[in-house]
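Chemist: Take this sequence and fold it.
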Amino acid sequence: MQRTSKVLDYVLVPMGLAIMVSYHLWLLLRIRRRPVTTVIGINAINRRIWVRHVMEEPSGKHAVLAVQTMRNSIMASTVLASVAITLSSLVAALMASGVAHTIFSGAGGEQGQGELVVGAAGETALSVKFFAILVCFLVAFLLNVQSIRYYSHTGILVNVPLHAHRRRRPGLAIDYVTATLNRGSYFWSLGVRAFYFSCPVFFWLFGPIPMFATCLAMVCVLYFLDVYTEWDKPEEEDDLNGGDDAATCHEQPKTATGTGGVRVNPQQGVV
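Modeler: The predicted structure is shown next:
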C-alpha cells in the first residue's frame, strides 16, 4: 500500500504540473496571435491609449492622475512582495524547526500515521514539497520587485512632455513609456501566477490526489479569468445590439485594436 501511494506521486504530480504549464503555454500563444481575445492583451492596448492620452495633454493636467495611478500600482506590487517574502520566511522556519515534518509525516504518533497524507510522506519527500513552496514564493517576490522597478520608472517618464523630446520623435517616447509600463504590468501578472502555482504545490503536502485536483480546478478558473472574447466581437453585431450609439462606442476600441496590432506588442515582456 505504501509503495502504491508513492507511485501516485510519480504519476499525478507530473501530470498536474504539465496541465498547468501547458495552459500557460497556450495562453502565451494566444496572446501572441490573438491579443484582443485575452485580458492581458486588451489591457496592454488600453495602457498604450492611456499613456498617449496623458503625454499628449499640453497643459499637463493629467500629471496628478498619472502619479496616483502609478502609486496605486506600486502599492499593489509592494503588498504582494511583502506577503511573498513573509510566507517564504514562514516556510523556511517550518523547514528548519521540523514541526511540519512531524505533522505531515505522522511521526508524532502511530495512531494518526497515514491518515493525514496520502502518498510519499517521508522526510525527504516533505523537504522537496516545502522547498517547492518556498521557490514559488521567492519567485513571486522577485517578480513583484521588478514590477515595482518598472512602475517607478513609468511614474517619471509618463510626466515628461512630448515637446521636450527635441532629438527624438514623440512617437518613440510614447512607445518607450508604454513598453516600460507594460513590463511592469507583465511582471506583476507573473508574480500573481507564482502565487497561483503555489496553491497546487501546497495541496501536494496532503498528497498527489488533492494536488492534481487543484491543478484541474485552477486551470478552469484561470481560463475564465484570462479569456475575454467580447472585445473581438464584429462591428455588425454591435450595430444590431445598440444601433448608431453602439457603433460609435465601438469605433474607438477598433482603432485601439488596430493600433495594438501594429505598434503595441502585448507579448513583449511576458517571457
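Chemist: contacts and neighbour counts: CA atoms only from here.
Modeler: OK.
Chemist: Can you get me the centre-to-centre distance for the helix or strand harbouring residue 211 and its chain?
Modeler: Using DSSP states H and E, residue 211 maps to helix 208-226. Mean-position distance between helix 208-226 and its chain equals 15 Å (C-alpha atoms, centre = their mean, to the nearest Å).
Chemist: The chain should start at 51 in everything you say after this.
Modeler: Got it, the first residue is 51 from now on, which makes the last one we talked about helix 258-276.
Chemist: Pull that helix out as CSV, backbone CA atoms only.
Modeler: What follows is helix 258-276, C-alpha atoms only, in CSV (Å, rounded to 0.1, in the frame of the first residue of the first chain):
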residue,chain,number,x,y,z
PRO,A,258,-0.8,13.8,-5.1
ILE,A,259,-4.6,13.4,-5.5
PRO,A,260,-5.5,16.8,-3.9
MET,A,261,-2.6,18.4,-5.9
PHE,A,262,-3.9,17.0,-9.2
ALA,A,263,-7.5,18.1,-8.5
THR,A,264,-6.3,21.6,-7.6
CYS,A,265,-4.4,21.8,-10.8
LEU,A,266,-7.5,21.0,-12.8
ALA,A,267,-9.7,23.4,-10.8
MET,A,268,-7.0,26.1,-11.2
VAL,A,269,-6.8,25.8,-15.0
CYS,A,270,-10.6,26.0,-15.3
VAL,A,271,-10.7,29.1,-13.1
LEU,A,272,-7.8,30.8,-14.9
TYR,A,273,-9.4,30.2,-18.3
PHE,A,274,-12.4,32.3,-17.4
LEU,A,275,-10.2,35.0,-15.9
ASP,A,276,-7.8,35.2,-18.8
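Chemist: Check which residues of that helix are buried.
Modeler: 258-262, 264-265, 268-269, 272 (16 or more other C-alpha atoms under 10 Å).
Chemist: What ranges does this structure have for its helices?
Modeler: 52-83, 89-105, 113-147, 149-155, 173-207, 220-253, 258-276, 285-312 (DSSP state H).
Chemist: now these in a markdown table, with mean pLDDT and distance to residue 213?
Modeler: As requested, those are exported to a markdown table (pLDDT from 0 to 100; distance: least, C-alpha to C-alpha, whole Å):
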| stretch | mean pLDDT | distance to residue 213 |
| --- | --- | --- |
| helix 52-83 | 86 | 33 |
| helix 89-105 | 91 | 10 |
| helix 113-147 | 90 | 15 |
| helix 149-155 | 62 | 61 |
| helix 173-207 | 91 | 13 |
| helix 220-253 | 91 | 7 |
| helix 258-276 | 93 | 38 |
| helix 285-312 | 46 | 22 |
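Chemist: Make CSV from these and add distance to residue 214 to it.
Modeler: Compiled in CSV, these are given as follows (distance: least, C-alpha to C-alpha, whole Å):
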stretch, distance to residue 214
helix 52-83, 34
helix 89-105, 11
helix 113-147, 15
helix 149-155, 59
helix 173-207, 12
helix 220-253, 9
helix 258-276, 38
helix 285-312, 24
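Chemist: if I look at residue 73, how far off is residue 80?
Modeler: 10 Å (C-alpha to C-alpha, to the nearest Å).
Chemist: residues of stretch 120-133 that come out buried?
Modeler: For stretch 120-133, a neighbour-count test (16+ other C-alpha under 10 Å) marks 120-121, 123-124, 127-128, 130-131 as buried.
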